[in-house]
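Chemist: A predicted structure for the sequence below; I have some questions about it.
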Amino acid sequence: MTRSIERVAAVGTAPERVDGRAKVAGKAPYAYEHPVERPAYAHPIQATIAAGRVRGIDTARALAVDGVHTVLTPDNAPPLRRGQDAELEILQAPDVAFRGQIIGCVVADTPEAARHAADLVAVDYERRDHDVTLASDRPDLYRPGEVSHEADTEDGDVDAALAGAAARVEAEYRTARNHNNPLEPHTTVAVWDADGLTLYDSTQGVHSLRSAVAEVFDLDESRIRVLAPYVGGGFGSKGTAHAHVVLAALAAKRMSGRPVKLALTRQQTFTLAGYRTPTVQRVALGADTDGRIDALAVDVVEQTSRVKAFAEQTALPSRTMYAAPHRRTTHRMAALDVPVTSWMRAPGVCPGMFGPEVAMDELAERCGLDPIELRLRNEPDRDPETGKPYSTRNLAECLRGGARRFGWDARPAAPRQTRQGEWWIGTGVASSTYPVHHAPGSAARIERRADGRYHVGVGAVDIGTGAWTVLGQIAADALGVDREDVVVTVGDTALPFASVAGGSSGTTNWGSAIVAAAHGFRARFGDDDPPAGSEHTESAPENPDTERFAMHAFGAQFAEVHVSADTGEIRVPRLLGVFAAGRIVNPRLARSQFLGGMTMGLSMALHEEGVMDERLGMVVNHDLAEYHVATNADVPSVEAEWIDEHDPHVNPMGTKGIGEIGIVGTAAAVANAAYHATGVRVRELPVTADRFL
Ligand code: MOS
């Protein structure tokens, strides 16, 4: 096991975010606001066809606009290294793979001139028929999921077991195309000088972004610096490099020394920053008369772009949630003429828990069991996928504790039992889970300075999660000093390497590095008053327990839903989540993460859906006026609780990650509650009024 922090004094307290006041006061400079000398402004030109190629671009009218310096096109753009990440290799060929793809860029003295001129560029296209529709009846389109996990798994004989099951659910569930909408859109400031390239970027990972840019520009990483001290949200859309970053750097290169600023508009972020693929999930559950699951199958169809394969890991949570002797999971991807799919909060796990957790609700009804009791009867004692013991698995405690807290006992077993005025009222539950991800290599530097304080540097990024604050708490305890004596710096590739702020893994990876560096620092300089200038850098060691245990956080989501008998309007007056996510470093910030995740889950349940116009090949509701995101009025009461979980295996802090689990299961809990209210089973997200009429 890894060496734990010995002292827990700052950890467990609830200081405010170190960046919080600056952020709400507008004093935290975001990437675009970073002051640079005489910036020029770039505005992307985007394809207005979904498939084909650019035959020619007439830039004359754009170049005639006052203040316009240049128009980059595939004909004149500086060369990039190709063959690694086709999403980033822009303006190297005339092909168009999706509507909204970058096919050029105007650089001007003002953002207004650049945007206006971009509209004046005339593009001649050679069109090809496009296919942007995810359908489950076009087997020619599909290929196995790839990238980071096995596409398919199979144990036993699922079909035979299903045929012989006493209780059975077989149904198709669908989740919608969801778009990441961080408050701060995606922006980049690019500066080339004799030393190389500096990027002020709104990113979730300065080092990972640097690697991607180094690759495509064929530059040594030492010649690129990426800074991101403040970031206004990402939800995964800033976790990988996207094309606009390369575009800003290309434009700055063309401007030979003049810095270039680029901000995507909200509409542009719908095509250029990644989004969550829609999914079709065929779920089958077979159980005996006691509700013990004998067969479980999850067969997923999802989409990817033609430009670059991205496999949403939709069936993964089903591999670890419930044991069954006969199990199957499959992923098939349709490569369509659509923008690049990518990460969105709890990628894979979030959509992947919708179908199975609604199916569990359906199975409970068929078995005549309470849905919590069904879940408790199917708690595995080992990870069904790997056979390894769980480092900790406290789902049962979350379900039982949540049931008490929520008042589950008073719930009528049958649906459509409670009516108040025009409203049908119901409650529902779903389980939640998220893996504990570990990424190697994060390091931290600790320096005692003349101010008497311990300065901790790690190239982490705080995207609004509170990581910056939490790392200071961890450092204080690991060093055995007061939190006030620790100053943490993040968001700069000049700091020691840090993994990306993604997969709810920041605290695990960066915290482990800080603990290692603090222990190393103490070993070198002693426990008392080391002299100013004492400095030590160390990487997080590998954690051998990751091989021996299955590591996941768990939770239980409860929802109360009201559905209008007259209009079908659906309201969610009450959400409760109870989580088992290891040690909670800062209750104030952790609560905020859980509540944010649950609210986003509610948003997914009721509102969020990118609507594809199949003729144009574009999402038509590509702004916050028409792509609805939950606001305060949607969430009268959201409460998050957690159990006091001690996990000595996950990392030296005992933390499991809290950024994503809150969104997982929420939509299923809402759909299950809507069924309990009305007797109408909705298997497709979002759950909208028309389904109840
Ligand atoms: Mo999260 S979607 O892994 O940034």
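Modeler: Thanks, I have it.
Chemist: Tell me the gap between the helix or strand where residue 355 lies and the middle of its chain.
Modeler: Using DSSP states H and E, residue 355 sits in helix 354-367. Relative to its parent chain, helix 354-367 has a centroid offset of 26 Å by C-alpha atoms, centre = their mean, to the nearest Å.
Chemist: do stretch 262-271 as well
Modeler: 18 Å.
Chemist: same deal with stretch 651-669?
Modeler: 12 Å.
Chemist: got it, and stretch 40-60?
Modeler: How far stretch 40-60 lies from its chain's middle: 30 Å, per C-alpha atoms, centre = their mean.
Chemist: what packs against the next helix or strand after the helix holding residue 355?
Modeler: Sequence-wise, the next helix or strand downstream of helix 354-367 (DSSP H and E) is helix 371-377. Counting contacts by 3 or more C-beta pairs under 8 Å, 6 or more residues apart in numbering; DSSP states H and E, helix 371-377 is packed against helix 354-367, helix 395-406, strand 423-435. Yep, even glycine has a C-beta here, placed from its N, CA and C like the rest.
Chemist: any idea which helix or strand comes after the second one?
Modeler: In other words, helix 395-406. strand 418-420.
Chemist: So what touches that following strand?
Modeler: 412, 424, 425, 426, 562, 565, 677 (C-beta atoms under 8 Å, 6 or more residues apart in numbering).
Chemist: would you list those residues in CSV and tack on neighbour count and pLDDT?
Modeler: Below are the contacts of strand 418-420 laid out as CSV (neighbours: other C-beta atoms under 10 Å; pLDDT from 0 to 100):
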residue, neighbour count, pLDDT
412, 11, 98
424, 23, 98
425, 19, 98
426, 24, 98
562, 22, 98
565, 15, 98
677, 26, 98
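Chemist: and the residues you listed as CSV, adding distance to residue 105?
Modeler: Shown next, in CSV, are the contacts of strand 418-420 (distance: C-beta to C-beta, whole Å):
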residue, distance to residue 105
412, 60
424, 53
425, 54
426, 52
562, 49
565, 54
677, 51
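Chemist: count of residues packed around the residue in the chain that the ligand sits nearest to?
Modeler: With C-beta to the nearest ligand atom as the measure, residue 236 is the residue of the chain nearest to the ligand, at 2.4 Å. Other residues within reach of residue 236 by the criterion other C-beta atoms under 10 Å amount to 26.
Chemist: OK, contacts around it?
Modeler: 180, 204, 274, 342, 343, 344, 345, 347, 502.
Chemist: I'd like to know how far it sits from residue 127.
Modeler: 32 Å (C-beta to C-beta, to the nearest Å).
Chemist: my read: residue 611 touches residue 620, true?
Modeler: Yes - Residue 611 is within contact range of residue 620, at 5.6 Å (criterion: C-beta atoms under 8 Å).
Chemist: Leaving out sequence neighbours, find the closest residue to the residue of the chain closest to the ligand.
Modeler: residue 343 (3.1 Å; C-beta to C-beta, 6 or more residues apart in numbering).
Chemist: before we move on, the earlier item: which two of the contacts of strand 418-420 lie the greatest distance from each other?
Modeler: 412 and 565 (17.1 Å; C-beta to C-beta).
Chemist: The ligand contacts on the stretch 451-600 of the chain?
Modeler: Contact residues (C-beta under 6 Å from any ligand atom) of the stretch 451-600 of the chain with the ligand: 502, 503.
Chemist: What about residue 598? Give its phi and psi, please.
Modeler: phi -60, psi -40 (degrees, to the nearest 10).
Chemist: wait, what's in contact with it?
Modeler: Counted by C-beta under 8 Å, 6+ apart, residue 598 has contacts 557, 575, 577, 638, 640, 662, 663, 666.
Chemist: right, and residue 335 touches residue 302 too?
Modeler: No - with contacts counted by C-beta under 8 Å, residue 335 stays clear of residue 302, the gap being 10.8 Å.
Chemist: Show the contacting residues for residue 354.
Modeler: 173, 175, 281, 667, 668, 671, 685.
Chemist: Need those in JSON lines (columns: neighbour count and pLDDT).
Modeler: Below are the contacts of residue 354 laid out as JSON lines (neighbours: other C-beta under 10 Å; pLDDT from 0 to 100):
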{"residue": "173", "neighbour count": "24", "pLDDT": "98"}
{"residue": "175", "neighbour count": "27", "pLDDT": "98"}
{"residue": "281", "neighbour count": "27", "pLDDT": "97"}
{"residue": "667", "neighbour count": "31", "pLDDT": "98"}
{"residue": "668", "neighbour count": "29", "pLDDT": "99"}
{"residue": "671", "neighbour count": "30", "pLDDT": "98"}
{"residue": "685", "neighbour count": "27", "pLDDT": "98"}
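Chemist: In JSON lines: those residues, plus secondary structure and distance to residue 215.
Modeler: Shown next, in JSON lines, are the contacts of residue 354 (DSSP: H, G, I helix; E, B strand; the rest coil; distance: C-beta to C-beta, whole Å):
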{"residue": "173", "secondary structure": "strand", "distance to residue 215": "38"}
{"residue": "175", "secondary structure": "strand", "distance to residue 215": "32"}
{"residue": "281", "secondary structure": "strand", "distance to residue 215": "35"}
{"residue": "667", "secondary structure": "helix", "distance to residue 215": "37"}
{"residue": "668", "secondary structure": "helix", "distance to residue 215": "39"}
{"residue": "671", "secondary structure": "helix", "distance to residue 215": "42"}
{"residue": "685", "secondary structure": "coil", "distance to residue 215": "36"}
